[in-house]
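> next comes the sequence, and after it the predicted model I'd like to discuss.
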Amino acid sequence: MSACDRRRLLELLSMGGMFLTAGPALAQPRFITPPFQLGVASGDPAPDGFVIWTRLAPEPLAPHGGMIMAPVAVAWEVAADEAFRHVVRRGEAIARPELAHAVHVELAGLEPGRPYWYRFICGAERSLPGMSRTLPAAGARVDRVRFAVAGCQHFEEGWYTAWRHIAEEQADFVFHYGDYIYEGRDTGGTRLMNGRIFDPVRRHTGQEIYSLDDYRLRYAQYRADADLQAAHASAPWFVSFDDHEVDNNWVADLDQDGTPPEIFLLRRAAAFQAFYEHMPLRRASLPRGGGMRMFRRAQFGDLMQAHFLDTRQYRSDQPNGDGDKPLAREVFAANRTMLGAEQEAWLFDGLARRETRWNLIAQQVMMMHLNTQRDPLKSEGVYPMDTWSGYLHSRRRLLDHIHDRGLTNVAVVTGDAHQHYAADLHLDQGGAPVASEFLATSITSGSDGLGETPFNALWRRNNPHLKAMQDRRGYVLCDVRRDLFCADMKILDQVREPGGRLSTHARFVLERGERGLKSA
Ligand SMILES: [Fe+2]
């Protein structure tokens, strides 16, 4: 090919942030801007490996992320050391246009219970490295596991300072309980939040998201954040979705607007695909037939089993018209389910194994039965119908199972409520606790927060099992030892400006063999 022909070919093929220098079979790209603008991530670790992820997007907010719509080869390396002197695995993956040029590499054959470093290479460009970690071998003695619980990261409502702090925690893993994105439109400037004037710190692009391209663009906007990228690069994540990855308070094939299920499922399929594309998930979670398998388990040697739940995809519709409502008869109905029969049986089976000192149930919506009545003159309790309180038969079955098996080592971690809560879980209010729950506040959703809200005192009075609540942004940091499960409520003084100050609002412990939270 002459230089002139070659130049013409490059012109024809150039587009956005890259151009191709080889034939259509597998593109050899040259980038005008680096393609790793969305960072790297790892997730779903096992004793012999984990998933490493990236997505090529030289211009994250441009159509197709600035990529040419052709398959592109991406090389990857995994090293035993931070300087990549000892590369233990390398290979090549194909970033396909069908998956928004995302790459998911499932590694196997690595050593258990140790850190690894990984990076990607495409054309002349190399990503920043990420750090991951294999799980300890199943039977190995493990003395300690530390992890962060976080989620609810509304892009407009604050800076991701909490993610920067999580990146510095050197956690063994991060559990993201959901609301990774919010589906709403650009809210258009000043509005009221918690009765106060609020100006978004940054704004969503465009309108409410419905199509696959809409969801991809929203993820690209969120994923371009440097603090979020730092947290992804610092540790493997176990991710799950809650409602806003699709639409507020959806369940199964229903949204809250009465859209015909067969129509809503089209939107849900687009949302699931974009979620898969942007998360370090195994192939087992690739959407199939309109659904995706998200409940899964991980075992940390003899110390802890973690059961990651999906409380959206298989559940019955919220009772009583959703919202905070009195307990209507429907709430107690035996045919209503939070987990679906298959997942419930899978969870009960896993809890009964008794191979580890602790069981962690990592899930999305509040399991504590919380009377959220805000009017001190009203004696009737109201309860949030989108939480386990709207599914009391399901909740009872789970707590009965924990109680009847004599399990004294169950901790639940949760999100969704945009405040920190710590509470004991009781079969019958007034009886002994069966398990305990740490509900992590949001990364940004709700903006700075009020600290103490006007109804905190009333809620404490109406809910003796509630040990603490705090309306600030942050995360929960769990430190699990042989005989102690310790959880810190981390809070930031503000998220409306970068650089918010981090502190520990409260620390609670569970002692193995005993039930109920203790203040520490
Ligand atoms: Fe949320």
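Done, it's in.

> show me what residue 288 bridges to in the sheet.
Under DSSP bridges, the beta-bridge partners of residue 288 are residue 291.

> distance-wise, check it relative to residue 46.
Going from residue 288 to residue 46 by Cβ to Cβ, to the nearest Å gives 21 Å. In short, each C-beta sits where N, CA and C put it, glycine included.

> okay, these two: which has more neighbours?
Between residue 288 and residue 46, residue 46 has the larger neighbour count (other Cβ atoms under 10 Å), namely 19 against 10.

> wait, what's in contact with that one?
Going by Cβ atoms under 8 Å, 6 or more residues apart in numbering, residue 46 touches 108, 134-135, 298.

> contacting residues around the residue nearest to residue 137 when sequence neighbours are not counted?
Leaving aside its chain neighbours, residue 137 sits nearest to residue 112 (4.2 Å; criterion: Cβ to Cβ, 6 or more residues apart in numbering). Neighbouring residues of residue 112 by Cβ under 8 Å, 6+ apart: 47-48, 134-137, 140.

> among those, which pair sits farthest apart?
Spanning the widest gap among the contacts of residue 112 are 48 and 140, at 13.0 Å by Cβ to Cβ.

> got a list of what the residue of the stretch 201-350 of the chain at minimum distance from the ion touches?
Among all residues of the stretch 201-350 of the chain, residue 244 sits closest to the ion, at 5.8 Å; criterion: Cβ to the ion. Taking Cβ under 8 Å, 6+ apart, we find residue 244 in contact with 178-183.

> what is the nearest of those to residue 126?
residue 180 (26.3 Å).

> now that closest one: how far from residue 271?
According to Cβ to Cβ, residue 180 and residue 271 sit 11 Å apart.

> mutual contacts of those two, please.
residue 245.

> what sits closest to residue 450 if chain neighbours are left out?
Nearest one to residue 450, counting by Cβ to Cβ, 6+ apart, is residue 471 at 4.7 Å.

> try residue 319
residue 330 (4.0 Å).

> double-check that that neighbour belongs to a helix.
Yes. Remark: residue 330 belongs to a helix, assigned using DSSP: H, G, I helix; E, B strand; the rest coil.

> please tell me how far it sits from residue 429.
Taking Cβ to Cβ, one finds residue 330 at 20 Å from residue 429.

> again, but for residue 502
In this view, residue 502 and residue 429 are 34 Å apart by Cβ to Cβ.

> who has more neighbours out of these two?
The neighbour comparison of residue 502 against residue 429 (other Cβ under 10 Å) goes to residue 502, with 15 against 10.

> filter the contacts of residue 112 down to the buried ones, PyMOL style.
Those of these that count as buried under 16 or more other Cβ atoms under 10 Å are selected in PyMOL with:
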select buried, resi 47+134+135+136+137
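
> for the residue nearest to the spatial centre of the chain, what are its contacts?
With distances taken as Cα atoms, centre = their mean, residue 176 lies nearest the centre of the chain, 2.4 Å away. By Cβ under 8 Å, 6+ apart, the residues touching residue 176 are 150-151, 237-240.

> residues contacting the residue in the stretch 401-520 of the chain that the ion sits nearest to?
Here the stretch 401-520 of the chain gets closest to the ion at one residue, residue 445, 4.7 Å apart by Cβ to the ion. The contact partners of residue 445, taken as Cβ under 8 Å, 6+ apart, are 152-154, 157-158, 179, 182, 418, 473.

> contact residues of this protein facing the ion?
152, 179, 445 (Cβ under 5 Å from the ion).

> does the first one touch residue 414 like I think?
If I follow you right, that is residue 152. No. When contacts are counted by Cβ atoms under 8 Å, residue 152 is not listed as touching residue 414 (11.1 Å).

> how about the strands of the stretch 1-150 of the chain, start to end?
With DSSP state E, counting those that start in this stretch as the criterion, the stretch 1-150 of the chain has strands at 18-20, 29-31, 40-46, 49-55, 72-79, 87-95, 102-106, 115-122, 125-126, 130-133, 144-150.

> and the angle from the fourth one to strand 40-46?
With axes from the mean of the first three to the mean of the last three Cα atoms, to 10 degrees as the basis, strand 49-55 and strand 40-46 are set at 160 degrees to each other.

> partner strands of strand 49-55, with direction?
Strand 49-55 has these strand partners (DSSP bridges): strand 40-46 (antiparallel), strand 102-106 (antiparallel).

> mean pLDDT added to those, as a markdown table?
As requested, the strands paired with strand 49-55 are exported to a markdown table (pLDDT from 0 to 100):
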| stretch | mean pLDDT |
| --- | --- |
| strand 40-46 | 98 |
| strand 102-106 | 98 |
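
> okay, those strands, which one's buried deepest?
Neighbour counts (mean count of other Cβ atoms under 10 Å) averaged over each of these peak at strand 40-46, with a mean of 25.

> number of residues surrounding residue 388?
26.

> check contacts around it.
338, 365-367, 369, 394-395.

> quick check: residue 275 touching residue 241?
Yes. When contacts are counted by Cβ under 8 Å, residue 275 is listed as touching residue 241 (5.7 Å).

> quickly list what's touching both of the two.
Common neighbours of residue 275 and residue 241 (Cβ under 8 Å, 6+ apart) are residue 180.

> isn't residue 220 up against residue 62?
No. Taking contacts as Cβ under 8 Å, residue 220 lies outside contact range of residue 62: 9.1 Å.

> could you list the low-pLDDT ranges of the stretch 301-450 of the chain?
In the predicted model of the stretch 301-450 of the chain, no residue satisfies pLDDT under 70.

> just give the closest residue to residue 389, not the sequence neighbours.
residue 383 (3.8 Å).

> nope, residue 483 is what I was after
Closest to residue 483 by Cβ to Cβ, 6+ apart is residue 512, at 4.5 Å.

> tell me the pLDDT at the one you found?
With respect to pLDDT, residue 512 scores 95.

> got it, and residue 197?
Note on residue 197: pLDDT of 89.

> beta partners of it?
With DSSP bridges as the rule, residue 197 is bridged to residue 192.

> burial measure for it, as a count.
Neighbours of residue 197 under the rule other Cβ under 10 Å: 8.

> surely it touches residue 189?
No. Residue 197 is beyond contact range of residue 189, at 10.7 Å (criterion: Cβ under 8 Å).

> and the gap between residue 77 and the ion?
36 Å (Cβ to the ion, to the nearest Å).

> ok, now residue 200?
Residue 200 is 16 Å from the ion, where distance means Cβ to the ion.
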